[in-house]
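Peer 1: got a structure for you, letters missing:
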């Protein structure tokens, strides 16, 4: 049989993975399951043992700190893990007796210990390499994870503290859902393509609409504050949640990685789930402290 007479080779279809990623790049079923499980744990904690929230924050900050340090060390950074972990716990737990002053004092102490730790890590007879780079990154990490997280712990102490934490989580979730839905359905104009190609201005609009609506309802029904406070709170949290996600995206881009970890199926590492929550915790505490 000549080449012209030969039957064309039928290309066999490639087996597709059983779990497909959504248009937004997630394993959607796994992401939904993990999100529901975390949400159920959060609800149970805040309804039946609100002060256990401090322990939840403390554990989360330790895990997230470890994830980021591991990734930084893989990229060649020399980051002092032990003082960051111990100092991070101090930032969270000292909010219980001392409030914001306890968190800020522990932050200052952590930075000081990390500076000395990194300085003497190779012995006093040799100068450490890349000291300025490593210490700048360490201070950023200490603020980004445990210090920001301590503001989440601060939310629980007022009489309506459980409601304030619910506000934080519900507004961030509303912003995420609104942005995801609007981005998938209508997203055509990238917002920051060099940092996060999947984010669009249409998605941000969806975040603003749903996030602010959720904020007004949450403040009205879950706290002792007037509903109008939900408007500035919702707008602020949509901004901080979006920027927090962009910040982590840029950090991961610098490190050449997709996720900080693999702890949460469909989400990546714990830090990949907290990137929007951590700066939003600071914003929630500021808004409710100033306006409530």
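Peer 2: That came through fine. What you see is a predicted model; the values in this text were computed from it and never measured.

Peer 1: list the buried ones in stretch 262-281?
Peer 2: For stretch 262-281, a neighbour-count test (16 or more other Cβ atoms under 10 Å) marks 263-264, 266-281 as buried. All C-beta atoms are positioned from the backbone trio N, CA, C, and that covers glycine.

Peer 1: let me redo that: stretch 161-178
Peer 2: 161-178.

Peer 1: who's in contact with it?
Peer 2: 39, 42, 46-47, 50, 53, 152, 155-156, 158, 203, 206-211, 213-215, 218-219, 222-224, 233-234, 237-238, 241-242, 276-277, 280-281, 284, 288 (Cβ atoms under 8 Å, 6 or more residues apart in numbering).

Peer 1: please, a PyMOL command that selects the buried ones among those?
Peer 2: Burial among the contacts of stretch 161-178 is assessed by 16+ other Cβ under 10 Å; the matching PyMOL selection reads:
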select buried, resi 46+53+152+155+156+203+206+207+208+209+210+211+213+214+215+218+219+222+223+233+234+237+238+241+242+276+277+280+281+284+288
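
Peer 1: just the ones of the contacts of stretch 161-178 in helices?
Peer 2: Using DSSP state H, the members of those that fall in helices are 39, 42, 46-47, 53, 152, 203, 206-211, 213-215, 218-219, 222, 233-234, 237-238, 241-242, 277, 280-281, 284, 288.

Peer 1: quick one, domains of this protein?
Peer 2: 34-48+159-292, 51-155 (automatic domain parsing).

Peer 1: now do the same end-to-end measure for the last one.
Peer 2: With Cα to Cα, to the nearest Å as the measure, the first residue of domain 51-155 is 11 Å from its last.

Peer 1: that one - what's its average pLDDT?
Peer 2: Domain 51-155 carries an average pLDDT of 95.

Peer 1: tally of neighbours for residue 217?
Peer 2: 17 (other Cβ atoms under 10 Å).

Peer 1: cool, residue 136 as well?
Peer 2: That count, for residue 136 with other Cβ under 10 Å as the rule, works out to 11.

Peer 1: report the buried residues of the host helix or strand of residue 252.
Peer 2: Using DSSP states H and E, residue 252 falls within helix 230-255. By neighbour count on 16+ other Cβ under 10 Å, the buried set for helix 230-255 is 230, 233-242, 244-249, 251-252, 255.

Peer 1: could you do stretch 140-147 as well?
Peer 2: By 16+ other Cβ under 10 Å, the buried positions in stretch 140-147 come out as 141-147.

Peer 1: which SSE is immediately downstream of the helix or strand where residue 115 lies?
Peer 2: Following DSSP H and E, the helix or strand that holds residue 115 is helix 100-120. Next in sequence after helix 100-120, counting helices and strands by DSSP H and E, comes helix 131-142.

Peer 1: run through the neighbouring helices and strands of that following helix.
Peer 2: Where contact means 3 or more Cβ pairs under 8 Å, 6 or more residues apart in numbering; DSSP states H and E, helix 131-142 is packed against helix 52-74, helix 81-93, helix 100-120.

Peer 1: ok, which of the ones you listed comes nearest residue 137?
Peer 2: For the helices and strands packed on helix 131-142, the distance to residue 137 is smallest for helix 52-74, at 6.4 Å, taking Cβ to Cβ.
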